[in-house]
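1. Show me the folded form of this:
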Amino acid sequence: MDLKHSFTVPASIDETWAAFQDIESVAECFPGAQITSAEVDRFEGTVKVKLGPIALVYKGTGTFTERDESAHRMVIDAKGKDKRGNGTAGALVTATMAAGDGGTTVDVVTDLAITGKPAQFGRGVIQDVSDKLLRQFVDCLQTKVGSGDAADEAGAPAPAEAPESTAVPVASAAASPSAPTPEPAAPPTPAPRAAAAPTTTEDDSLDLGAAVLPVLAKAYWKQLVAAVTGLAVITALVRRLRRH
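-> The predicted model follows:
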């Protein structure tokens, strides 16, 4: 199946092209993805996917089959399979960049082929889920690309003004022998130290179930309402019959 997406990056086309060459940095913006090794035209990695109680770990490779810097077009062929044999996934990704107002427009076409449990969802559901994941990807990518210019424009913070001296002049202190010598202040009592919060490990897997459920609810809410209404009617009839 073909999936089409388009998004804008707030950076020049040359800067965006250079950022996409760093596949390790780009992969950090995709939930559950991790690059284990990277070369000039080839990389290896894993993608963790959760589907309800089922945990899948796809391990695979990706190859840059085309990289045209003058046309700002790249093609990546990625293939992987679940470690437990629960399915395979393959994607031929074509990304084309074009300069636009305020940034660079990136058009992505993905020829996706999957087998196993994730394949039970139809094309419409997979398109909607990929749209949701793309929004997360773009939000993360925008913090990586083009953020350097904004930091340069902000400039360095102004140095703080030196506080006025509150020291008593030595001459005036010596001229007033009758002035009482101030007693040293007592050291402040340290506040009780709060108990350290327990550390928790965050699961970085791509929760496909959490992404699919809202899509299914949006697509089939009428059927769900009808089913709930029918169940309520049947329950009412059963209770009424029991009374008689």
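
2. any weak-confidence spans in this protein?
-> 52, 146-233, 235-244 (pLDDT under 70).

3. ok, His5 to Arg42 distance?
-> As for His5, its distance to Arg42 is 24 Å (criterion: Cβ to Cβ, to the nearest Å). Where you see a C-beta, it was placed from the backbone N, CA and C, and this is true even at glycine.

4. List the buried residues in stretch 63-76.
-> Phe64, Arg67, His72, Arg73, Met74, Val75, Ile76 (16 or more other Cβ atoms under 10 Å).

5. got a list of what the third one touches?
-> Listed by Cβ atoms under 8 Å, 6 or more residues apart in numbering, the contact set of His72 reads Ile13, Trp17, Thr96, Met97, Ala98.

6. Is Glu56 in contact with Ala119, as I believe?
-> Actually, residue 56 is Leu rather than Glu. No: the criterion here is Cβ atoms under 8 Å, and Leu56 misses it with Ala119 at 11.9 Å.

7. so what's the nearest residue to Arg123 once chain neighbours are set aside up against?
-> Closest residue in space to Arg123, ignoring its immediate chain neighbours: Met1 at 5.0 Å, by Cβ to Cβ, 6 or more residues apart in numbering. By Cβ under 8 Å, 6+ apart, the contact list for Met1 reads Asp111, Leu112, Ala113, Arg123, Ile126.

8. Go ahead and confirm Val106 touches Thr96.
-> Yes: Val106 sits in contact with Thr96 when judged by Cβ under 8 Å, with a separation of 7.4 Å.

9. Among those two, which residue is more densely surrounded?
-> Neighbours of Val106 and Thr96, each counted by other Cβ atoms under 10 Å, are more numerous for Val106; the result is 22 against 16.

10. Next one: the more buried one from Thr16, what distance?
-> In this view, Val106 and Thr16 are 7 Å apart by Cβ to Cβ.

11. Who are the packing partners of the helix or strand containing Leu3?
-> Under the criterion of DSSP states H and E, Leu3 resides in strand 2-9. Judged by 3 or more Cβ pairs under 8 Å, 6 or more residues apart in numbering; DSSP states H and E, the packing partners of strand 2-9 are strand 103-114, helix 123-144.

12. export those to CSV and tack on distance to Asp82?
-> Listed next are these as CSV, based on distance: least, Cβ to Cβ, whole Å:
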stretch, distance to Asp82
strand 103-114, 10
helix 123-144, 17
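
13. quick one: contacts of stretch 85-98?
-> For stretch 85-98, the external contacting residues (Cβ under 8 Å, 6+ apart) are 13, 16-17, 20, 54, 56, 58, 60, 71-82, 104-119.
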